[in-house]
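K.L.:
give me the fold of what follows.
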Amino acid sequence: MVKKNVNLNFEKTLEELENIVNLLESGDLSLEESLKSFEKGINLTRKCQEHLSKAELRVQKLIDEKGDTKIVPLKDA
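P.N.:
The predicted structure is shown next:
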C-alpha cells in the first residue's frame with residue numbers, strides 16, 4: 001500500500017517520481033508492480049502540480065503587491 005505523507009516537499013516528491021520512472025523504464029517489474037508504481041507516480045505527479053500551483057500563486061501575489069510588474073502567461077513553446 002502507498003504511504004501517504006502530506007508533508008513531502010516538492011523536491012522529495014519529484015525525486016520519488018523520478019525513481020518510479022526509472023523503475024518502470026527498467027522493465028524489471030511485474031505487471032502488478034508496474035501498475036502499482038504507475039498509480040503512485042500519477043499521485044506524485046498531481047502532488048508536484050499542487051506544489052507548483054501554490055508557488056505560482058505566491059509569486060503572483062508578490063508581484064501584485066509590488067504593482068510595478070505585469071504578469072504575462074508563458075506561451076507554449
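K.L.:
look up how far Phe10 lies from the residue positioned nearest the centre of the chain.
P.N.:
In the chain, the centroid-proximal residue (Cα atoms, centre = their mean) is Cys48; its distance is 1.8 Å. Per Cβ to Cβ, to the nearest Å, Cys48 is found 6 Å from Phe10. All C-beta atoms are positioned from the backbone trio N, CA, C, and that covers glycine.
K.L.:
try Asp28
P.N.:
For Asp28, the distance to Phe10 (Cβ to Cβ) stands at 28 Å.
K.L.:
and for Arg46?
P.N.:
13 Å.
K.L.:
pull out the buried residues from the host helix or strand of Ser53.
P.N.:
Element membership for Ser53 (DSSP states H and E) is helix 31-66. Judged by neighbour count using 16 or more other Cβ atoms under 10 Å, the buried positions of helix 31-66 are Ser37, Gly41, Leu44, Lys47, Cys48, His51.
K.L.:
wait, the second one touches Glu18, no?
P.N.:
In this case it means Gly41. No. Applying Cβ atoms under 8 Å, one finds Gly41 not in contact with Glu18, separated by 9.7 Å.
K.L.:
who touches both of the two?
P.N.:
Common neighbours of Gly41 and Glu18 are not found (criterion: Cβ atoms under 8 Å, 6 or more residues apart in numbering).
K.L.:
in the protein, where is pLDDT below threshold?
P.N.:
Low-confidence segments of the chain (pLDDT under 70): 1-8, 66-77.
K.L.:
can you rerun that using 50?
P.N.:
1-7, 77 (pLDDT under 50).
K.L.:
tell me the SS of Leu29?
P.N.:
coil (DSSP: H, G, I helix; E, B strand; the rest coil).
K.L.:
wait, what's in contact with it?
P.N.:
Contacts of Leu29 (Cβ under 8 Å, 6+ apart): Leu23, Ser37.
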